[in-house]
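A.B. asks: Need the 3D shape of this:
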Amino acid sequence: MGKPVLFVTNDDGIEAPGIQALISELNIQGFPLFVLAPSTEQSATGMRISVRKKLKVTNRQDIADRLQSNQNVPLKMYSLEGSPCDCVIAALDGGIKILEPDLMPTICISGVNQGPNISVDIMHSGTVSAARESALYGLPSIAVSLATYEHSNFEYSVKGAIKVLQSCLDFLPLVPSDFLRKNGSKFPISSNSDSESIRKNFADGNIFLNLNAPVKWNGKFSTVSLGSRWYRNAIKSHELDDGSMAFEVGAAEIIEEDIPNSDCFSVNLGEYAISPLSSWPVNHPLGVSRDILDAATNSDENGFPLWLN
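C.D. replies: Numbering: from 1, shown residues only. Here you go, the predicted model:
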């Protein structure tokens, strides 16, 4: 195989147009793919895992046959009756070796999600959580979202994600350097904030990338921190037929603070936002410092992360 194997998952489910648009283009680009995605939509499930449940795996060769235009490149697709994090854990902790042992991945891509995953959204997002779970297992990862519900044209979301992916693959080892975290935290992360150290942290899964494409892309990238987004009037109350009360969660109003150099701000400008995120809590032995994240957010004249150049 000429190019590295990619592991693809999402939270919208294996039938979603976003993941299928991504898979189709990656196959055209010549990337071997192992796909394990939820069998049904799992949006906003965060890092939920299905403990001690038998999660059915289904071969989705029917979808693979429809998406595969480059017949010379492996494309293996499966669905799992579980959450996005279930998919990642099942794949990386033995599932790939069982199902497709020749397709051990170099990196994970989670998405393309329909809807924004900016600011506080990353705390609830199944898309971002799948990427984080992958990183916790030592597999470098990228989460990708189309930050709108106005349309489902994923062309530019995919195009931007592949540009970021190719820059990552320029320095990533074919076999992840700390896959399955067999060294635990015996080798503390570097506290340096130079480009080489940031690349090492990404390669080890201590940081990962969260990408958000705008409703209409102006062709520019921006490497930015998280913005500030607030969900107001988040519940509706309903009286049920039996007289009991029910609450429905779903904000009536979303307020974004106007903070330059943030993901919210950039997406609203029509820019493709790239946000480096810490995989671990800051007080974990492998948690990166704010200084490292700030350095990882420095960009070149094109808005691309300096450390990816």
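A.B. asks: And the most centrally placed residue in the chain, how far from Pro285?
C.D. replies: With distances taken as Cα atoms, centre = their mean, the residue of the chain nearest its centroid is Ala143 (1.8 Å). According to Cβ to Cβ, to the nearest Å, Ala143 and Pro285 sit 24 Å apart. Quick note: C-beta positions are derived from backbone N, CA and C, even for glycine.
A.B. asks: hang on, Leu211 packs against Ile142?
C.D. replies: Yes: if you go by Cβ atoms under 8 Å, Leu211 and Ile142 touch, sitting 6.4 Å apart.
A.B. asks: ok now the lengthiest helix in the chain, how far from the chain's centre?
C.D. replies: Determined from DSSP state H, the single longest helix within the chain is helix 155-169. On the basis of Cα atoms, centre = their mean, to the nearest Å, helix 155-169 sits 12 Å off its chain's mean C-alpha point.
A.B. asks: tell me which residues in it are buried?
C.D. replies: Tyr156, Ser157, Val158, Gly160, Ala161, Ile162, Val164, Leu165, Cys168, Leu169 (16 or more other Cβ atoms under 10 Å).
A.B. asks: Could I get the CA-only coordinates of it as PDB?
C.D. replies: Taking C-alpha atoms only, helix 155-169 is exported to PDB below (Å, rounded to 0.1, in the frame of the first residue of the first chain):
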ATOM      1  CA  GLU A 155     -17.000  19.400  -0.400                       C
ATOM      2  CA  TYR A 156     -15.000  22.100   1.200                       C
ATOM      3  CA  SER A 157     -15.100  20.500   4.700                       C
ATOM      4  CA  VAL A 158     -13.400  17.400   3.100                       C
ATOM      5  CA  LYS A 159     -11.000  19.500   1.000                       C
ATOM      6  CA  GLY A 160      -9.700  21.400   4.000                       C
ATOM      7  CA  ALA A 161      -9.500  18.300   6.200                       C
ATOM      8  CA  ILE A 162      -7.300  16.500   3.600                       C
ATOM      9  CA  LYS A 163      -5.000  19.500   3.400                       C
ATOM     10  CA  VAL A 164      -4.500  19.300   7.200                       C
ATOM     11  CA  LEU A 165      -4.200  15.500   7.100                       C
ATOM     12  CA  GLN A 166      -1.500  15.600   4.400                       C
ATOM     13  CA  SER A 167       0.600  18.100   6.400                       C
ATOM     14  CA  CYS A 168       0.300  15.800   9.500                       C
ATOM     15  CA  LEU A 169       1.400  12.700   7.500                       C
END
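A.B. asks: In terms of secondary structure, what does the very next helix or strand once past it contact?
C.D. replies: Using DSSP states H and E, the helix or strand that directly follows helix 155-169 along the chain is helix 195-204. Secondary-structure packing of helix 195-204 (3 or more Cβ pairs under 8 Å, 6 or more residues apart in numbering; DSSP states H and E): strand 207-213, helix 290-296.
A.B. asks: For helix 195-204, which outside residues touch it?
C.D. replies: Contact with helix 195-204 is made by 138, 140, 168, 171-173, 176-178, 189-190, 207-209, 276, 288, 292, 295-296, 306-307, 309, as judged by Cβ atoms under 8 Å, 6 or more residues apart in numbering.
A.B. asks: Likewise for stretch 55-63?
C.D. replies: 14-15, 20, 35-36, 39, 77-82, 86, 90, 95, 99.
A.B. asks: The same query, at a cut-off of 7 Å, please.
C.D. replies: Contact with stretch 55-63 is made by Ile14, Ser39, Met77, Tyr78, Ser79, Leu80, Glu81, Gly82, Asp86, Ala90, as judged by Cβ atoms under 7 Å, 6 or more residues apart in numbering.
A.B. asks: In strands only, show me the residues you listed.
C.D. replies: Met77, Tyr78, Ser79, Leu80 (DSSP state E).
A.B. asks: Just give the number of residues close to the last one.
C.D. replies: Counted with other Cβ atoms under 10 Å, residues neighbouring Leu80 total 25.
A.B. asks: Could you pull up the residues touching it?
C.D. replies: Leu36, Pro38, Ser39, Leu55, Val57, Asp86, Cys87, Ala90.
A.B. asks: That concludes my questions; thank you for your assistance.
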